[in-house]
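>>> have a look at this prediction, sequence included:
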Amino acid sequence: MIRVLGIETSCDETAASVVALDAAGTPEILSNVVLSQIADHAVFGGVVPEIAARAHVEALDGIVEAALADSGADLAEIDAIAATAGPGLVGGLIVGLMTAKAIAAAAEKPLMAINHLEGHALTARLTDGIAFPYLLLLVSGGHTQIVAVRGVGDYQRWATTIDDALGEAFDKTAKMLGLAYPGGPNVEQTALHGDASRFSFPRPMKGAAQPDFSFSGLKTAVRQAATAIAPLSDQDVADICASFQAAVADALADRVARALDRFKAEFPDKADPALVVAGGVAANRTLKAALQAQCAAAGFAFVSPPLKLCTDNAAMIAWAGIERLRAGLADNEDAFSFVPRSR
Ligand code: KG4
Ligand code: ZN
C-alpha cells in the first residue's frame, strides 16, 4: 500500500488530499478537501494573487489536518508529500511548497514537487484507469492545451492558446455582459435562454494549419456586438452568451478534429483511443455534448472525470505523486516538457 498526501495552492483553491494505491494496483481517494476562495475574489471580478496567497496561508494548515483526519491515516503512514510546484500564482505556490517541505522534513518523508498540469493529465488514470497513450484536452481558466499523454513524465503538447485561455474567454465575456465571476457557469446558464444563431461570431483558427487555439478575437467580437446594441436587455445578453458558446464549440471541434486525426496517424495500433477532457470548462454541458458526439463519430472514447476532480484539487497532485513513485521518478521539479509557458 502506498499513501501520498497531496497539496494544491496554485490558484484560488486551497486543497489537500490523501490518495492510496493498494498492492493490487487499485487506487483510492481516502480524502479530498478543497476550500474555494471564490467569495474572496468575486468582488474584484477575478483572482487577486496577493489575496489568494494570504488566504492560502490562513487556511492550509487546517485543510491538511482535515485531509489527514478524513483519510483515517496517520502522518507516519504517509509515504510521501506531493505539492504543486507550478505553473501557477507564485505566492500561492510558495505557501504550498513551503508547507509541504516543512511537513516532509518534520515527518522525515520524501517531498515531491509536482507540475500542476501533470496532475490534470493523469487524473483520468485515477478515475477511469485508462491506459497510455491517450489524448488530453485541458481547458481551464489558465490553460488551453491538447497534449498527447504517452506515459508518466512523457507528455507532448500538440496545441496551446496563442492568447487567452478558454476559461478566461468565458470569464471576460461574462464580465463584459455584467455577469458575476466566475463567468463560465453564468455564461452557460444564461445561454440556455438565448438564440445561438442571432450573432455570427468568428470561429478563431477554424481551418488553420497551425494546431493552436485563439480566443482573443472572439472576445473582441463579443465586445463590439454588445457595444453596438447597448443598453442590453436580458434577452440580448442571453443571445450573446448562446452565440458565443456556439462559436467556442465550433472552434474547439475544429482543433480537436485535427488532434484526433494526428493521434490516429501517430498511434495506429492503439485499439481503444480516448480523449480525456479536464479543467473547469469541462463542466460546460454544451461543449461536453459536442465533444462527446465528435469522439463517437471518430471512434474515440470520451472520458470526462467527475467535475470535482476536473477542477483544481489535491487528489490529482497526490495521484501524480503515486504515479511518479511507481514509475521510479521520485523528484521531478523540472522534468516537464509541456510547460514552457503558462497557457
Ligand atoms: O480548472 P479550473 O477550476 O481552475 C483553473 O483555471 O485552473 O477552471 C476554472 C475556469 C474558469 O475560467 C471558469 O469560468 C471555467 O473554468 N468554467 C466554465 C464552466 N465552469 C467553470 N466555463 C464554461 N462553462 C462552465 N460551466
Ligand atoms: Zn488547474
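Structure's in. What do you need? Ligands and ions are numbered 1, 2, ... in the order given.
>>> now the residue in the stretch 51-200 of the chain positioned nearest to ligand 2: phi and psi?
Nearest residue of the stretch 51-200 of the chain to ligand 2 (Cβ to the ion) works out as residue 140 at 4.6 Å. No exception for glycine: its C-beta is placed from N, CA and C like everyone else's. When read as degrees, to the nearest 10, the backbone of residue 140 gives phi -130, psi -170.
>>> now for it, how many residues are close by?
Using other Cβ atoms under 10 Å, residue 140 has 24 neighbouring residues.
>>> so what's the residue lying closest to it once chain neighbours are set aside up against?
Nearest residue to residue 140, sequence neighbours excluded (Cβ to Cβ, 6 or more residues apart in numbering): residue 279, at 3.3 Å. Applying Cβ atoms under 8 Å, 6 or more residues apart in numbering to residue 279 gives the contacts 120, 138-141, 143, 167, 310-311.
>>> out of these, list just those in helices.
120, 167, 310 (DSSP state H).
>>> between the residues you listed, which is nearest ligand 1?
residue 167 (2.5 Å; Cβ to the nearest ligand atom).
>>> okay, the contacts of residue 279 in TSV with pLDDT next?
As requested, those are exported to TSV (pLDDT from 0 to 100):
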residue	pLDDT
120	93
138	95
139	95
140	89
141	86
143	89
167	94
310	89
311	88
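>>> between those residues, which is nearest residue 291?
Nearest to residue 291 among the contacts of residue 279 is residue 139, at 9.8 Å by Cβ to Cβ.
>>> isn't the closest one right up against residue 169?
No. Assessed by Cβ atoms under 8 Å, residue 139 is found out of contact with residue 169, at 10.1 Å.
>>> stretch 291-300 near ligand 1 anywhere?
No. Using Cβ under 6 Å from any ligand atom, stretch 291-300 stays clear of ligand 1, coming no nearer than 12.7 Å.
>>> tabulate the CA atom coordinates of that stretch in CSV.
Below are the C-alpha coordinates for stretch 291-300, written out as CSV (Å, rounded to 0.1, in the frame of the first residue of the first chain):
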residue,chain,number,x,y,z
LEU,A,291,-17.1,16.8,-27.9
GLN,A,292,-18.8,13.6,-27.0
ALA,A,293,-20.6,13.3,-30.3
GLN,A,294,-17.4,14.2,-32.1
CYS,A,295,-15.4,11.4,-30.3
ALA,A,296,-18.2,8.9,-31.0
ALA,A,297,-18.0,9.7,-34.7
ALA,A,298,-14.2,9.4,-34.8
GLY,A,299,-14.1,6.1,-32.8
PHE,A,300,-12.7,7.6,-29.7
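>>> neighbouring contacts of that stretch?
Against stretch 291-300 from outside (Cβ under 8 Å, 6+ apart): 135, 137, 252-253, 256-257, 260, 263-264, 273-275, 277, 301-302.
>>> buried among those residues? Need that as a selection in ChimeraX.
Applying 16 or more other Cβ atoms under 10 Å to these, the buried members can be selected in ChimeraX as follows:
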select :135,137,252,253,256,260,263,273,274,275,277,302
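>>> just the ones in helices from the contacts of stretch 291-300, please.
Going by DSSP H, the helices hold 252-253, 256-257, 260, 263-264 from those.
>>> tell me the one of those residues nearest ligand 1?
Nearest member of the ones in helices among the contacts of stretch 291-300 to ligand 1, counting by Cβ to the nearest ligand atom, is residue 252, at 11.3 Å.
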